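Engineer: what's the 3D shape of this:
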Amino acid sequence: MVSSRKDSTASTIVIQLKRSPIGSPQKIRRNLMGLGLRRMHQVVERPDTNQVRGLVNKVKHLVEVTNP
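Structural biologist: As a prediction, the model looks like this:
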């Protein structure tokens, strides 16, 4: 039987919150919450999809993105 799941480690990006969202519009804060970022210097791993890349692009001035 062939598994339909892809290898999750090959298609992920690592996102770290580098700057505080204090003073940012509510829309920016919601994008950070959508990415799962709540605290400064918190690191999350998300799938490398167009939706996640779009969220990261909206908050690129607050986060740092690396590939694992």
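
Engineer: going forward, measure contacts between C-alpha atoms and count neighbours the same way
Structural biologist: OK.

Engineer: How about stretch 15-31, which residues are buried there?
Structural biologist: By neighbour count on 16 or more other C-alpha atoms under 10 Å, the buried set for stretch 15-31 is 15-18, 21, 28-29, 31.

Engineer: Could you do stretch 32-46 as well?
Structural biologist: 32, 35, 37, 43, 45-46.

Engineer: tell me which of the residues you listed is nearest to residue 54?
Structural biologist: Set against residue 54, the nearest of the buried residues of stretch 32-46 by C-alpha to C-alpha is residue 35 (10.6 Å).

Engineer: for the closest one, what are its contacts?
Structural biologist: Contacts for residue 35 (C-alpha atoms under 8 Å, 6 or more residues apart in numbering) come out as 44, 46, 52, 55-56.

Engineer: tally of neighbours for residue 55?
Structural biologist: 16 (other C-alpha atoms under 10 Å).

Engineer: Distance check, residue 28 against residue 57.
Structural biologist: 11 Å (C-alpha to C-alpha, to the nearest Å).

Engineer: With residue 13 instead?
Structural biologist: As defined by C-alpha to C-alpha, residue 13 lies at a distance of 13 Å from residue 57.

Engineer: The two: who's more crowded?
Structural biologist: residue 13 (18 against 13).

Engineer: Rebuild the buried residues of stretch 32-46 as JSON lines, extending it with secondary structure, pLDDT and distance to residue 65.
Structural biologist: Converted to JSON lines, these look like this (DSSP: H, G, I helix; E, B strand; the rest coil; pLDDT from 0 to 100; distance: C-alpha to C-alpha, whole Å):
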{"residue": "32", "secondary structure": "helix", "pLDDT": "97", "distance to residue 65": "13"}
{"residue": "35", "secondary structure": "helix", "pLDDT": "96", "distance to residue 65": "12"}
{"residue": "37", "secondary structure": "coil", "pLDDT": "97", "distance to residue 65": "13"}
{"residue": "43", "secondary structure": "strand", "pLDDT": "97", "distance to residue 65": "10"}
{"residue": "45", "secondary structure": "strand", "pLDDT": "97", "distance to residue 65": "10"}
{"residue": "46", "secondary structure": "strand", "pLDDT": "97", "distance to residue 65": "10"}
